[in-house]
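K.L.:
Build me a structure from this.
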Amino acid sequence: MRRKFKQVSRLSGARPSLAGALIFTALMALITFILIIFREIAFRNPALADYYSGRIFPSLATFWSWPVSQFRFSLTEFTVLIGTPVLLLILVLSLIRLFRKGRTHRLRRFFRSFLVTLGLVFLMLSLFLIFHGLNYARSPLAGRLGLELRDHSVDELEQGVRRLARAAVQARRELDETPEGLPDIGSLDGLWREAFAGWDQAESTWPALQSSVRARPKGVLLSHYWSYTRIVGLYMPLLVEPNVNIDQPGFMIPASAAHEIAHSRGLASEGDAEFAGFLSCVSHPDPIWRYSGLISAWKSASYKLWQEDPDAWSLAYREELSGEVIRDLQAETAYWKAFETPVADFSEKVNDSYLKVNKEKEGVKSYGHVVDLLLAWLDTPQASDFLDRDLDLHQTGLTIGQ
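P.N.:
I've put the predicted structure just below:
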């Protein structure tokens, strides 16, 4: 019995091996380093990034996102809520174990834990680069869609705002209302099931939007508390998972989902993702998606007009928007007014820094680039097929774009 106890004591005091931790960390560091170098090269050669985003990324993202999409709930939210306390518990237990074992090889055990942690950080950074970071280097969406970006006059901006307003009013008339007089969006499960109907239609019109990635959007259960950050959606690259704030006014949920889906399909730039999401919305056979995309686009262009000419904005607002649309916008304003806190300001600063690190030089102002894309698109005859039609697609069975 005494001999057995001595053997156990000898084993517990054995010198911890660092080989496995060193190999894991070195391998993850090497992969991360290669991806960072590749990204820097791709920023200087967008054709390389386009090849990756068009040929390699879709296969990887489709494979990675399929098991995640089988879950109806947000794995991102689950990881944050469950994973964070579990990691803290593991950290505390590891520290207790480290100091209770005595001083023998304590530094070595600590160094092994540090190496494993560092290796996991490199792993997460690699996944970020593979499923999002590299896509920041691809060529602008405008060129791939054949849109000609140019400076527009304030009068042209006003006309664009008016056209978007008229189209939004038209889509709003097709919607049923809740007892509160707001658009009835139906069930969230129904929204998620139909999320790609607009993308399928848009792909036939704009081949540049084609992608095999169909990452299911997820509603975040604690969205009400998430609203204190004023964030309406989040794409989690490590899981290829679009997450949507479902506490915001319902008529804005489809547009938020479309934006995050665009990220999951390889459009990293905020302006490009917003515009691609808009195109998927206006191509959708369901009027709630069309209305959501149109009113979101109107808000972006309208804000730009308000900055340039408040009087023109005021006149366009009064003359073009219906009472129903105004009621929706007022409800949205009232909702977000309750979340004007320092948390929201901090969240915006974090997002601004994140975008600048990824070479979106204007930071959060890059969201405004969607207005340039919208105006360029409105210059095309094709825009009339989507904005000026007065057809109920559900009744006629017509295919958008024909």
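K.L.:
Show me the shaky parts of the stretch 101-250 of the chain.
P.N.:
Along the stretch 101-250 of the chain, segments meeting pLDDT under 70 span 101-106.
K.L.:
Dihedrals phi and psi, the nearest residue to Gln210 once chain neighbours are set aside?
P.N.:
Closest residue to Gln210 apart from its sequence neighbours, by C-beta to C-beta, 6 or more residues apart in numbering: Glu203 at 4.6 Å. All C-beta atoms are positioned from the backbone trio N, CA, C, and that covers glycine. Main-chain dihedrals, Glu203, degrees, to the nearest 10: phi -60, psi -30.
K.L.:
if I look at Glu203, how far off is Tyr52?
P.N.:
According to C-beta to C-beta, to the nearest Å, Glu203 stands 20 Å off from Tyr52.
K.L.:
And for Gly368?
P.N.:
27 Å.
K.L.:
The two: which has the busier surroundings?
P.N.:
Comparing Gly368 with Tyr52 by other C-beta atoms under 10 Å, the one with more neighbours is Tyr52, at 20 against 17.
K.L.:
Touching, the more buried one and Ala42? I think so.
P.N.:
Yes - Tyr52 lies in contact with Ala42 (C-beta atoms under 8 Å); the separation is 6.9 Å.
K.L.:
can you list residues touching both of those two?
P.N.:
Shared between the contact lists of Tyr52 and Ala42 (criterion: C-beta atoms under 8 Å, 6 or more residues apart in numbering) are residues Leu134, Arg138.
K.L.:
in which helix or strand would I find Tyr235?
P.N.:
Following DSSP states H and E, one finds Tyr235 within strand 233-236.
K.L.:
Pairing partners for that strand, with directions?
P.N.:
Within its sheet, and counting by DSSP bridges, strand 233-236 is paired with strand 241-245 (antiparallel).
K.L.:
Please compute how far the following helix or strand past the partner strand lies from its chain's middle.
P.N.:
Later in the chain than strand 241-245, the nearest helix or strand by DSSP H and E is helix 253-264. Remark: helix 253-264 is offset 6 Å from the chain centroid, using C-alpha atoms, centre = their mean, to the nearest Å.
K.L.:
what's the average pLDDT for helix 253-264?
P.N.:
Averaged across helix 253-264, the pLDDT comes to 98.
K.L.:
helices or strands up against that helix?
P.N.:
helix 188-193, strand 233-236, strand 241-245, helix 270-282, helix 287-308 (3 or more C-beta pairs under 8 Å, 6 or more residues apart in numbering; DSSP states H and E).
K.L.:
Tabulate those (CSV), appending distance to Arg150 and mean neighbour count.
P.N.:
CSV is the format used below for these (distance: least, C-beta to C-beta, whole Å; neighbours: other C-beta atoms under 10 Å):
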stretch, distance to Arg150, mean neighbour count
helix 188-193, 36, 15
strand 233-236, 30, 23
strand 241-245, 32, 26
helix 270-282, 16, 27
helix 287-308, 15, 23
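K.L.:
Tell me which of these sits nearest to Leu209.
P.N.:
Nearest of the helices and strands packed on helix 253-264 to Leu209, taken as C-beta to C-beta: helix 270-282 at 5.9 Å.
K.L.:
Now do that closest one against helix 253-264, angle only.
P.N.:
130 degrees (axes from the mean of the first three to the mean of the last three C-alpha atoms, to 10 degrees).
K.L.:
domains for this structure, by residue range?
P.N.:
Annotated domains of the chain cover 2-137, 147-396 [automatic domain parsing].
K.L.:
Deepest in the core, which of those is it.
P.N.:
Of all those, domain 147-396 has the most neighbours on average by mean count of other C-beta atoms under 10 Å, namely a mean of 19.
K.L.:
And the helices in the stretch 51-200 of the chain?
P.N.:
57-69, 75-78, 84-100, 106-131, 141-145, 154-173, 188-193, 197-205 (DSSP state H, counting those that start in this stretch).
K.L.:
can you give me how far the second one is from the chain middle?
P.N.:
Once both centres are worked out by C-alpha atoms, centre = their mean, helix 75-78 turns out to sit 15 Å from its chain's centre.
K.L.:
List of residues touching that helix?
P.N.:
Val68, Lys218, Val220, Leu221, Leu222, Leu234, Met236, Leu239, Glu241, Asn243.
K.L.:
C-alpha coordinates for the helix or strand where Asn351 lies, PDB please?
P.N.:
Assessed by DSSP H and E, Asn351 sits inside helix 342-357. The C-alpha trace of helix 342-357 is given here as PDB (Å, rounded to 0.1, in the frame of the first residue of the first chain):
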ATOM      1  CA  PRO A 342     -23.500  55.500 -22.600                       C
ATOM      2  CA  VAL A 343     -23.400  51.800 -23.500                       C
ATOM      3  CA  ALA A 344     -24.600  52.700 -27.000                       C
ATOM      4  CA  ASP A 345     -21.800  55.300 -27.400                       C
ATOM      5  CA  PHE A 346     -19.200  52.800 -26.300                       C
ATOM      6  CA  SER A 347     -20.600  50.100 -28.600                       C
ATOM      7  CA  GLU A 348     -20.300  52.500 -31.600                       C
ATOM      8  CA  LYS A 349     -16.700  53.400 -30.700                       C
ATOM      9  CA  VAL A 350     -15.800  49.700 -30.600                       C
ATOM     10  CA  ASN A 351     -17.500  49.100 -33.900                       C
ATOM     11  CA  ASP A 352     -15.700  52.100 -35.400                       C
ATOM     12  CA  SER A 353     -12.300  50.800 -34.300                       C
ATOM     13  CA  TYR A 354     -13.100  47.300 -35.600                       C
ATOM     14  CA  LEU A 355     -14.000  48.600 -39.000                       C
ATOM     15  CA  LYS A 356     -10.900  50.700 -39.200                       C
ATOM     16  CA  VAL A 357      -8.700  47.800 -38.300                       C
END
